[in-house]
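**Q** here is the input, now give the coordinates:
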Amino acid sequence: MPTAVQVRRAGGPEVLEVAEVEIGAPGPGELLVDVAAAGVNYIDTYQRAGLYPVPLPYILGLEGAGTVVAVGSDVRGFDEGDRVAWQGVPGSYAQRALVPADSSVHVPDGVSDQMAAAVPLQGITAHYLVTSTYPVKEGETILVHAAAGGVGLLLIQLAKARGARVIGTVSTAEKEALAREAGADEVIRYDQVNFADATRKLTDGEGVHVVYDGVGKSTVDGSLASLRKRGLLALFGASSGPVPPIDPQLLNKAGSVYLTRPNSDDYVQTRAELEWRIGELFAAMADDSLKVRIGATYQLTDARQAHEDLQARKTAGKVLLIP
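**A** Below is the predicted model:
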């Protein structure tokens, strides 16, 4: 039987269990896939910890890439041997996974399995943030937190391609170098200075048009203070912890600013939208205009270590599990 990473009780990384599981044959609308790589994301840690409750027990992981080994009876457009990628599909931390065909996309030539597994969730997140949540325009200035993280490095590149000036925040010299390599115009070491004050200084006191904040609790106040009048805070994650309730008067005092908490489900509502977003990402990867950095790979059996390193901010770029 294939190996998978299970969660039987909510808790820290220690609750991750490696076990043999019965996957079964694909049902209607499903693909059975040999998983080549599974993406590790902060949402996995939220589910594992019980912050986002999931019925127990379950197999962790929401994205990956691999090769189709069997096809459900009513599936069209996919065949055995096809390389596919997916996001938002529970059970991806496994050697084999059942993946809805509607959630799968073909991986084009020129994009490796590991690269394909690195972008469905984080790449689509970065794509909808700069194209839909706040459509970045040429000449605007944006602030990206955790700029050397998986989403951060993609956000920098996608925003620069749209003509923006990008300010990033990081915590180490190594991560500063990575953010600058990705195209960040300015990088703030938030471990050394107050990032809101530094952002105001870099924008001649005006503030930025948008802040993309996946950190949450420890950055939200400074993010609001970094916005220009009528700017927007896109709070898309909470790696430092959940954000407490926000008094609307804080948005007033910050300059009639806007606050949104987007999620992927609302920005990938149709098959056409999924194919548009992932298609643009894969095309940019294939022609090398979008560079995806895989910061760390772990064996499937080392999922606990992957979670510990991710939450300790020891990683930069995308983290993958290799079955």
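**Q** helix/strand/coil for Arg304?
**A** helix (DSSP: H, G, I helix; E, B strand; the rest coil).
**Q** quick one: it from Ala38, how far?
**A** Distance of Arg304 to Ala38, computed by Cβ to Cβ, to the nearest Å: 14 Å. In this view, the C-beta of every residue, glycine as well, is placed from N, C-alpha and C.
**Q** and for Val54?
**A** In terms of Cβ to Cβ, Val54 sits 16 Å off from Ala38.
**Q** just want to know which of those two has more residues nearby.
**A** Using other Cβ atoms under 10 Å as the criterion, Val54 and Ala38 rank with Ala38 on top: 32 against 14.
**Q** what are the boundaries of the strands in the stretch 201-323 of the chain?
**A** Using DSSP state E, counting those that start in this stretch, the strands of the stretch 201-323 of the chain run over 208-213, 227-235, 258-260, 294-299, 318-322.
**Q** out of those strands, which comes closest to Gln192?
**A** For the strands of the stretch 201-323 of the chain, the distance to Gln192 is smallest for strand 208-213, at 19.3 Å, taking Cβ to Cβ.
**Q** gap between that closest one and the chain center?
**A** Mean C-alpha position of strand 208-213 versus that of the full chain (Cα atoms, centre = their mean, to the nearest Å) differs by 17 Å.
**Q** let me know the angle separating that strand from strand 227-235.
**A** Counting by axes from the mean of the first three to the mean of the last three Cα atoms, to 10 degrees, strand 208-213 lies at 20 degrees to strand 227-235.
**Q** please renumber the chain so that the first residue is 74 from this point on.
**A** Taking 74 as the first residue, the last one we looked at is strand 281-286.
**Q** which secondary structure elements does strand 281-286 contact?
**A** On a contact count with 3 or more Cβ pairs under 8 Å, 6 or more residues apart in numbering; DSSP states H and E, strand 281-286 meets strand 214-217, helix 293-298, strand 300-308.
**Q** would you mark the buried spots in the last one?
**A** With burial defined by 16 or more other Cβ atoms under 10 Å, the residues of strand 300-308 counted as buried are 300-301, 304-308.
**Q** now Gly328: closest residue in space, sequence neighbours ignored.
**A** Nearest residue to Gly328, sequence neighbours excluded (Cβ to Cβ, 6 or more residues apart in numbering): Lys302, at 3.7 Å.
**Q** got the contact list for that neighbour?
**A** Going by Cβ atoms under 8 Å, 6 or more residues apart in numbering, Lys302 touches 280, 328-330.
**Q** ok, Ser146 touching Pro101?
**A** Yes: if you go by Cβ atoms under 8 Å, Ser146 and Pro101 touch, sitting 6.1 Å apart.
**Q** and stretch 219-235, which residues are buried?
**A** Residues 219-233 are the ones in stretch 219-235 that count as buried (16+ other Cβ under 10 Å).
**Q** actually, stretch 253-268.
**A** Of the residues in stretch 253-268, 253, 255-261, 263, 268 count as buried by neighbour count, 16+ other Cβ under 10 Å.
**Q** could I get the average pLDDT for stretch 111-126?
**A** Across stretch 111-126, the average pLDDT comes to 94.
**Q** typo on my end, stretch 206-219
**A** For stretch 206-219, the per-residue pLDDT averages 98.
**Q** so which residue is dead centre in the protein?
**A** Nearest to the mean C-alpha position of the chain, counting by Cα atoms, centre = their mean, stands Gln195 at 2.5 Å.
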